[in-house]
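>>> Quick one: sequence and predicted model below, then my questions.
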Amino acid sequence: MRHIVKLLEKNKKNVIGLMSGTSIDGIDCALVEIEGHGLETKIKYKGFYNLKIQPQVKKRILRCCSIEESNVEQICQLNFEIGKLFGEAVLGLMKKLNMRLEEIDLIGSHGQTIYHVPQSSTLQIGEPSVIAEITGKPVIADFRVRDVAAGGHGAPLVAYPEYLLYRSDTKTRVFQNIGGIGNATVIPRRAKLEDVQAFDTGPGNMIIDQVVNVFTNGKLQYDQGGEIASKGKICQEVLNELMDHSYIKLLPPKTTGRESFGVNFTRNLLKRCKQLELSFEDTVSTVTAFTAKSIAYHYENLITLKQPIDEVIIAGGGSYNHTLINMIKESLRGVDVKIQEDIGYSSDAKEAIAFAILANEALHGNGNNIPSVTGAKKSVVMGKLIM
């Protein structure tokens, strides 16, 4: 524990954040220098590295996410294998930045979500003990379970770091991440922590990726730049049916994931599209519109604000889908829509940076959830320390 005491005494720390989201396309690894903690937190971005998850590993993870196909042996093995990959991502970042592990103070790891039952249980794998063994550094991980234990959904968690970094006295901002799932953080101007609103808006890239994968027999994993969607025509009948999904109109606090919009959902959707004889392009265009419309619906109907939204800042893989961004802009006329790079830091690194900040907060014993956002009964310190 002497090492941790010394670490707490340091005003500036080099902290690495690790994240793999519901898209399961790679492990994001970001290094930031963090000065202070709590509301006095300041960060300096130092670098980013992405370790691609190989297709055969992704298939195994997806099987473990499925009730029908998962088994305990596979989950047990993958826990250590993914932990090793997370450790290798750290080594890759060190090589890229020409740095030594001795220069790193702390690692925060989200892990890989396998299954999530809101307000009941959640499971992330990617054993932090393996990361600690590979790097020789203290690791804080498994954040979500503490919030769930306190009655929360265990998500969204990035709302707290976003409040620390981006609160403004002059602008009301919405931070929209579009990974496999979309999630929004609403920070009113001059907001106190309890004024922050956040929730999952529904599918992000998840359904789009699954449709592309099925139609191309695995040759393509996603719609690069939104090119496929741009060539199609939106089927309003299917879009209306998608917008009737029970999750969309559910009131916050709320979260969702692959359990709602995963393989089974997409399989049924494709049957419906086949009945209507929709082309590949039309199907991709329609599910892309579903992501855009579900985001806009939440802004118009589920955000409670006394003032208008000044800015929407989009991050995550969806920020590179130009067709999706244009659809969102069309749905949010009169609102200034930007991408993360416009205000600092990269879209790719954003969530990894968030878990570096959450780890630093946990190290200092600071509550790092927002109960009004997650639905937890109280503020808690999320994260388990591995030395």
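Sure, I can see it. Quick caveat, the model's predicted, so the values are computed rather than measured.
>>> okay, CA-based contacts and neighbour counts for the rest of this
OK.
>>> Can you give me the distance of the spatially closest residue to Asp282 that is not a sequence neighbour to Arg63?
Spatial nearest neighbour of Asp282, excluding adjacent residues (C-alpha to C-alpha, 6 or more residues apart in numbering): Gly232 at 4.1 Å. From Gly232 over to Arg63 the distance is 31 Å, taken as C-alpha to C-alpha, to the nearest Å.
>>> I'd say Lys254 and Ala184 touch.
No. Lys254 lies out of contact with Ala184 (C-alpha atoms under 8 Å); the separation is 11.3 Å.
>>> what sits in contact with each of the two?
Common neighbours of Lys254 and Ala184, using C-alpha atoms under 8 Å, 6 or more residues apart in numbering, are Phe199, Asp200.
>>> Give me the domain ranges for this structure.
The chain breaks down into these domains under the TED database: 1-156+349-386, 160-334.
>>> I'd like those domains laid out as CSV, including mean pLDDT, distance to Gln340 and mean neighbour count.
Shown next, in CSV, are the domains of the chain (pLDDT from 0 to 100; distance: least, C-alpha to C-alpha, whole Å; neighbours: other C-alpha atoms under 10 Å):
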stretch, mean pLDDT, distance to Gln340, mean neighbour count
domain 1-156+349-386, 97, 8, 20
domain 160-334, 97, 5, 19
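>>> what kind of secondary structure is Leu157 in?
The local conformation at Leu157, judged by DSSP: H, G, I helix; E, B strand; the rest coil, is coil.
>>> Can you name the residues that contact the spatially closest residue to it that is not a sequence neighbour?
Leaving out its chain neighbours, the residue that sits closest to Leu157 by C-alpha to C-alpha, 6+ apart is Asn369, at 6.4 Å. Neighbouring residues of Asn369 by C-alpha under 8 Å, 6+ apart: Asp147, Leu157, Tyr160, Ser379, Val380, Val381, Met382.
>>> Could you list which of the residues you listed belong to helices?
Asp147, Tyr160 (DSSP state H).
>>> Tell me the spacing between Ile357 and Ala349.
Counting by C-alpha to C-alpha, the gap from Ile357 to Ala349 is 12 Å.
>>> I should have written Leu106 there, sorry.
17 Å.
>>> next one: Asp342
Distance from Asp342 to Ala349, counting by C-alpha to C-alpha: 14 Å.
>>> same thing with Thr288?
23 Å.
>>> and what of Gln221?
Taking C-alpha to C-alpha as the measure, Gln221 falls 21 Å from Ala349.
>>> can you check Gly182 too?
Taking C-alpha to C-alpha, one finds Gly182 at 16 Å from Ala349.
>>> now Ile339
13 Å.
>>> Just to check, Arg190 is in contact with Thr170?
Yes. Arg190 is within contact range of Thr170, at 7.2 Å (criterion: C-alpha under 8 Å).
>>> Once you drop chain neighbours, what's closest to Ala150?
Spatial nearest neighbour of Ala150, chain neighbours left out: Ala376 (5.2 Å); criterion: C-alpha to C-alpha, 6+ apart.
>>> can I assume the one you found is in contact with Asp147?
Yes. If you go by C-alpha under 8 Å, Ala376 and Asp147 touch, sitting 6.1 Å apart.
>>> Could you pull up the residues touching Lys13?
Applying C-alpha under 8 Å, 6+ apart to Lys13 gives the contacts Leu7, Glu33, Ile34, Glu35, Ile104, Asp105, Leu106.
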